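Novice: here is my input; please provide its structure:
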Amino acid sequence: MELPFTGFELSFLLIAFIVFSLLSLASIYYEADASRAEQKRYIAKKGHTLWSREKCTLT
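Specialist: This is a model prediction of the structure:
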């Protein structure tokens, strides 16, 4: 049975998969950090949060 790809093609596909996986993970974590920074800025500016995490009530 013959392989559908040569070694060079397989290595290129593997490298491309790793690069795109890393870029997608970086974009996910970058968005999460950006929203946290925005929340911290809002809390520092206002001095309080809208929802208490312990009781889920307005503070």
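
Novice: in the protein, where is pLDDT below threshold?
Specialist: By pLDDT under 70, the weakly predicted segments of the chain are 31-34, 47-59.

Novice: the spatially most central residue of the chain sits in which helix or strand?
Specialist: For the chain, the residue sitting closest to the mean C-alpha position, by Cα atoms, centre = their mean, is residue 28 at 1.6 Å. With elements taken from DSSP states H and E, the one containing residue 28 is helix 7-46.

Novice: and residue 39, how far is that from residue 1?
Specialist: Applying Cβ to Cβ, to the nearest Å, one obtains 56 Å for the distance of residue 39 from residue 1. Every C-beta, even on glycine, is put in place using the N, C-alpha and C of the backbone.

Novice: more neighbours, the two?
Specialist: A count of neighbours by other Cβ atoms under 10 Å puts residue 39 above the other of residue 39 and residue 1, at 11 against 3.

Novice: contacts only, for the more buried one.
Specialist: Residue 39 makes contact with no residue, according to Cβ atoms under 8 Å, 6 or more residues apart in numbering.

Novice: for the remainder of this discussion, apply numbering that starts at 5.
Specialist: With the count now opening at 5, the last piece we talked about shows up as residue 43.

Novice: can you classify residue 6 by secondary structure?
Specialist: coil (DSSP: H, G, I helix; E, B strand; the rest coil).

Novice: okay, stretch 28-43 in CSV with CA atoms only?
Specialist: Taking C-alpha atoms only, stretch 28-43 is exported to CSV below (Å, rounded to 0.1, in the frame of the first residue of the first chain):
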residue,chain,number,x,y,z
SER,A,28,-5.9,29.9,17.7
LEU,A,29,-4.9,29.2,21.4
ALA,A,30,-3.1,32.5,21.6
SER,A,31,-6.2,34.3,20.3
ILE,A,32,-8.4,32.6,22.9
TYR,A,33,-6.1,33.5,25.8
TYR,A,34,-5.5,37.0,24.5
GLU,A,35,-9.2,37.8,24.5
ALA,A,36,-9.6,36.3,28.0
ASP,A,37,-6.8,38.5,29.3
ALA,A,38,-8.1,41.6,27.6
SER,A,39,-11.6,41.2,29.2
ARG,A,40,-10.0,40.7,32.6
ALA,A,41,-7.9,43.8,32.2
GLU,A,42,-11.1,45.8,31.2
GLN,A,43,-12.9,44.4,34.3
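
Novice: perfect, I'm done here.
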